[in-house]
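Enquirer: From the sequence below, what's the structure:
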Amino acid sequence: MRRLRENAMLEAEISVNGDVFVEGHHIGQLAGFRFMADASADGPDAKAVLAAAQKALGLEFEARAARLHASGNSDFAIGADGTVRWLGDPVAKLASGDHILKPRTILLADDQLTGTAREFVAARIDRFVNHHIATVLKPLDDLTRAEDLDGLARGLAFRLAENLGVLFRRDVAEMIKDLDQSARASLRKYGIRFGAYHIFMPALLKPAPAELVTLLWALANDGFSKPGYGDVTPLLAAGRTSVATDPDIDREFYRLAGFRFLGKRAVRIDILERLADLIRPALQWKPGSQGARPEAAYDGRRFITTTGMLSILGATQDDIEEILKGLGYRADAVPAEEAQSHLAALDSAQAEAAGANGAGPVVEVVVSRTAADRPHKQATPDGEQPAAAEPAAEATADTPAETAGAAETPASGEEAAVQPAEVASESVADKADATAAEATPAGDAPKAEAEEEAEAPRPVLLWRPGGRQDGQRGPRNAPGEGRGRRDGGNRNARSGDKPEGEAAADGEGRPNRGHRGKPGHQGKGGLGRGGPGKGGQGKGGDANRGGRNDRPQRKEKPIDPDSPFAALAALRDQLKK
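Expert: Sure, this is the predicted structure:
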């Protein structure tokens with residue numbers, strides 16, 4: 001250290017790894033624009049060596065600032081903790097800004113980086129951060145810059161950007177109801193989808209956007225310390241459509257990763273909308289209506305789960321029950337045989353109607369029955385097996401002529417064709433049961449009964465809306481829901497307490513408060529004109545005020561003998577005699 005005592009300029013060397021040497025002695029590490037002294041470099045001359053190193057590192061900082069300013073975007077990266085790195089070295093830290101999509105950057109640099117060099121470094125890092133957010137979250141960036149949106153459309157776009165691309169439809173139901181078609185079309189141009197449960201941007205349901213929106217939300221809401229930060233986005237990267245939820249993870253992280261938290265299960269948002277697309281036609285379909293029955297349809301008020309639903313959800317039957325309950329649906333359990341016979345009757349009636357209308361031949365499929373009375377599963381054209389609650393088969397319009405001709409059974413011979421097969425199958429099954437009963441020892445009887453109970457078919461769950469799910473409306477004029485229009489003309493009567501038609505048969509309806517100024521007036525369909533049995537109280541009727549027969553009759557005015565009506569009255573009296 002003779003040159004140090006001579007107050008001469010010391011030579012500083014920086015290795016590729018960032019090790020700093022002064023006159024061949026290792027004195028610390030340089031990471032980005034921060035110098036960290038080596039704790040072992042102590043001694044009587046340590047302070048003088050460090051001071052000399054700081055002077056020598058000033059030139060190195062300026063050189064590094066010039067290289068960083070000229071670097072491309074590929075030389076930068078943002079870590080999950082919000083650290084901005086340049087060639088692997090930390091150079092800045094992200095912090096919450098005025099807008100959730102515009103975070104601030106805090107330089108990680110020593111005081112030796114000053115003046116123009118520091119400004120160049122800060123400007124280049126800001127430019128990279130803004131470019132990274134605009135590239136990865138391009139749909140959101142375009143939405144915030146949209147100039148062709150105004151009014152409610154602009155307000156909805158602002159709320160969607162504030163919530164990082166996902167909104168629950170129930171939270172903006174009133175705003176969506178007031179949007180006209182042109183406003184919706186303008187929003188759809190920016191990649192916004194109006195789903196049954198969510199308003200969202202499908203382009204953001206990918207791993208890279210999900211990681212970035214989670215980071216931005218954590219910056220604005222101090223979420224780095226919350227349980228589960230960074231644990232949900234890997235599930236999206238693995239291609240999972242539904243997962244079992246972890247109670248220790250903050251449920252907000254599921255939403256940011258593109259999943260809907262539904263109690264024990266979380267389902268990807270776009271998959272939930274596909275599920276809604278399968279449920280909607282099943283609830284809108286009515287028995288006896290034209291067109292093929294949707295696979296999940298049951299009676300127009302309830303639906304059944306199908307293999308297609310299980311497939312898109314990647315879930316089991318128990319899982320889909322949890323999912324539907326989380327969405328607000330309620331289930332009614334019915335025996336499997338009853339559900340199968342109901343669906344078979346619906347498809348049979350539809351097939352007969354299609355054959356009568358010339359839509360195609362009626363194909364009767366004879367299904368042999370075993371002792372357990374289980375229907376044989378028929379293979380579908382796609383090679384998939386239908387659900388247990390589905391009917392055996394139904395005729396379609398595009399059945400080949402030769403196949404249809406071979407399978408078609410004349411109407412007059414249907415019973416003759418079906419009955420022998422069933423009788424033969426049942427007789428064989430009865431013999432098999434009798435033989436098994438003789439061969440079974442008495443001690444094995446409890447075991448056989450336990451096996452039969454274990455093999456008992458599982459009840460079929462019929463799902464119905466338990467109210468509006470996130471702004472989704474149920475089918476209009478569904479039995480037991482909405483306004484009753486078939487209850488004797490009373491538009492204000494509700495048929496929620498009785499099935500459709502029952503209130504009309506009883507002649508009971510919900511009384512109205514009457515017309516203004518006519519408290520006792522009976523409307524059409526009431527007891528006054530329509531008579532009993534045609535409905536409840538009519539327009540303005542009141543059940544407590546009675547019909548016209550209870551009112552005092554008006555006195556008839558005397559007829560003027562000079563009027564033409566007097567002659568008609570006299571003629572009428574003569575005809576009566």
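Enquirer: How is this structure divided into domains?
Expert: 1-136, 140-273, 476-509 (automatic domain parsing).
Enquirer: looking at this structure, which helix or strand is least sure?
Expert: helix 401-407 (a mean of 34; mean pLDDT, DSSP states H and E).
Enquirer: Redo the domains of the chain as CSV? Include mean neighbour count, mean pLDDT and distance to residue 572.
Expert: C-beta: built from backbone N, CA, C; applies to glycine. Converted to CSV, the domains of the chain look like this (neighbours: other CB atoms under 10 Å; pLDDT from 0 to 100; distance: least, CB to CB, whole Å):
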stretch, mean neighbour count, mean pLDDT, distance to residue 572
domain 1-136, 16, 84, 88
domain 140-273, 18, 94, 62
domain 476-509, 17, 38, 34
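Enquirer: out of these, which comes closest to residue 348?
Expert: Shortest distance between residue 348 and the domains of the chain, using CB to CB, is found for domain 476-509: 22.3 Å.
Enquirer: can you pull the contacts of the closest residue to residue 249 other than its chain neighbours?
Expert: Spatial nearest neighbour of residue 249, excluding adjacent residues (CB to CB, 6 or more residues apart in numbering): residue 228 at 3.0 Å. Counting by CB atoms under 8 Å, 6 or more residues apart in numbering, residue 228 makes contact with 246, 248-250, 253.
Enquirer: And the furthest pair within the residues you listed?
Expert: Counting by CB to CB, the most remote pair of those is 248 and 253, 11.0 Å apart.
Enquirer: in the stretch 401-550 of the chain, what spans have low per-residue confidence?
Expert: 401-456, 467-550 (pLDDT under 70).
Enquirer: Please repeat the previous calculation with a cut-off of 80.
Expert: 401-457, 467-550 (pLDDT under 80).
Enquirer: among the contacts of residue 228, which are in helices?
Expert: residue 253 (DSSP state H).
Enquirer: Need the contacts of residue 228 in a markdown table (columns: distance to residue 55).
Expert: Converted to a markdown table, the contacts of residue 228 look like this (distance: CB to CB, whole Å):
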| residue | distance to residue 55 |
| --- | --- |
| 246 | 54 |
| 248 | 52 |
| 249 | 51 |
| 250 | 49 |
| 253 | 48 |
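Enquirer: Name the residues that touch the strand or helix carrying residue 27?
Expert: Following DSSP states H and E, the helix or strand that holds residue 27 is strand 25-31. Outside strand 25-31, the residues that touch it by CB under 8 Å, 6+ apart are 14, 18-21, 35-38, 41, 49-50, 53, 57, 60, 89-90.
Enquirer: what about 6 Å?
Expert: Strand 25-31 has contacts (CB atoms under 6 Å, 6 or more residues apart in numbering) with 14, 18, 20, 35-38, 41, 49, 53, 89.
Enquirer: Could you do stretch 119-129 as well?
Expert: By CB under 6 Å, 6+ apart, stretch 119-129 touches 65, 68-69, 73, 76, 84, 92, 105, 107.
Enquirer: Now that stretch - C-alpha only, CSV.
Expert: What follows is stretch 119-129 as a C-alpha-only set of coordinates in CSV (Å, rounded to 0.1, in the frame of the first residue of the first chain):
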residue,chain,number,x,y,z
GLU,A,119,-31.1,10.1,-15.5
PHE,A,120,-30.3,7.9,-18.5
VAL,A,121,-30.5,4.8,-16.4
ALA,A,122,-33.8,5.8,-14.8
ALA,A,123,-35.3,6.7,-18.2
ARG,A,124,-34.3,3.5,-19.8
ILE,A,125,-35.7,1.3,-17.0
ASP,A,126,-39.0,3.2,-17.0
ARG,A,127,-39.2,2.7,-20.8
PHE,A,128,-38.6,-1.0,-20.4
VAL,A,129,-41.2,-1.4,-17.6
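Enquirer: what about the helices in the stretch 251-400 of the chain?
Expert: Assigned helices in the stretch 251-400 of the chain, in chain order: 251-256, 269-284, 307-313, 317-326, 336-356 (criterion: DSSP state H, counting those that start in this stretch).
Enquirer: and of those helices, who's closest to residue 140?
Expert: Among the helices of the stretch 251-400 of the chain, helix 251-256 sits nearest to residue 140 (CB to CB), with 12.8 Å.
Enquirer: a markdown table for the domains of the chain, including distance to residue 458?
Expert: Shown next, in a markdown table, are those (distance: least, CB to CB, whole Å):
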| stretch | distance to residue 458 |
| --- | --- |
| domain 1-136 | 45 |
| domain 140-273 | 20 |
| domain 476-509 | 26 |
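Enquirer: what about the ones you listed, which gets the closest to residue 343?
Expert: It is, among the domains of the chain and with distance given as CB to CB, domain 476-509, at 18.5 Å.
Enquirer: who's residue 19 bridged to?
Expert: residue 29 (DSSP bridges).
Enquirer: ok, so what distance separates it from residue 13?
Expert: According to CB to CB, to the nearest Å, residue 19 and residue 13 sit 8 Å apart.
Enquirer: Over to residue 32?
Expert: 18 Å.
Enquirer: One more: residue 147?
Expert: In terms of CB to CB, residue 147 sits 55 Å off from residue 13.
Enquirer: Need the contact partners of the host helix or strand of residue 185.
Expert: Per DSSP H and E: residue 185 is located in helix 181-188. Residues from elsewhere that reach helix 181-188 (CB under 6 Å, 6+ apart): residue 153.
Enquirer: swap the cut-off to 10 Å and go again
Expert: Residues lying outside helix 181-188 but in contact with it, judged by CB atoms under 10 Å, 6 or more residues apart in numbering, are 143, 146, 148-154, 156-157, 160, 176, 179, 192-194, 199.
Enquirer: what's the following helix or strand after that helix?
Expert: In N-to-C order, the element after helix 181-188 by DSSP H and E is strand 193-194.
Enquirer: which secondary structure elements does whichever strand or helix holds residue 143 contact?
Expert: Secondary structure from DSSP H and E places residue 143 in helix 138-144. Here helix 138-144 touches helix 115-136, helix 151-162, helix 207-221, going by 3 or more CB pairs under 10 Å, 6 or more residues apart in numbering; DSSP states H and E.
Enquirer: okay, those helices in CSV with distance to residue 331 next?
Expert: Formatted as CSV, these follow (distance: least, CB to CB, whole Å):
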stretch, distance to residue 331
helix 115-136, 41
helix 151-162, 34
helix 207-221, 32
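Enquirer: Can you say which of these is nearest to residue 242?
Expert: helix 207-221 (15.8 Å).
Enquirer: Tell me how far residue 326 lies from residue 83.
Expert: Counting by CB to CB - residue 326 and residue 83 are separated by 37 Å.
Enquirer: distance of residue 214 from residue 77?
Expert: Relative to residue 77, and taking CB to CB, residue 214 is found at 16 Å.
Enquirer: and what of residue 126?
Expert: From residue 126 to residue 77 the distance is 15 Å (CB to CB).
Enquirer: picking up where we left off before, can you check which of the helices and strands packed on helix 138-144 gets nearest to residue 349?
Expert: The nearest among those, by CB to CB, is helix 151-162 at 45.1 Å.
Enquirer: Check which element follows that closest one along the chain.
Expert: Downstream of helix 151-162, the first helix or strand assigned by DSSP H and E is strand 166-168.
Enquirer: mind listing what that following strand pairs with, with the direction of each?
Expert: Counting by DSSP bridges, strand 166-168 is paired with strand 198-200 (antiparallel).
Enquirer: So what touches the strand it pairs with?
Expert: Strand 198-200 is contacted from outside by 156, 159-160, 163, 165-172, 175-176, 187, 191-194, 255, 258, 260, 269-270, 272-273, 276, 470-471, using CB under 10 Å, 6+ apart.
Enquirer: Tell me where the longest strand sits in the chain.
Expert: strand 89-99 (DSSP state E).
Enquirer: so residue 165 touches residue 136, yeah?
Expert: No - if you go by CB atoms under 10 Å, residue 165 and residue 136 don't touch, sitting 11.7 Å apart.
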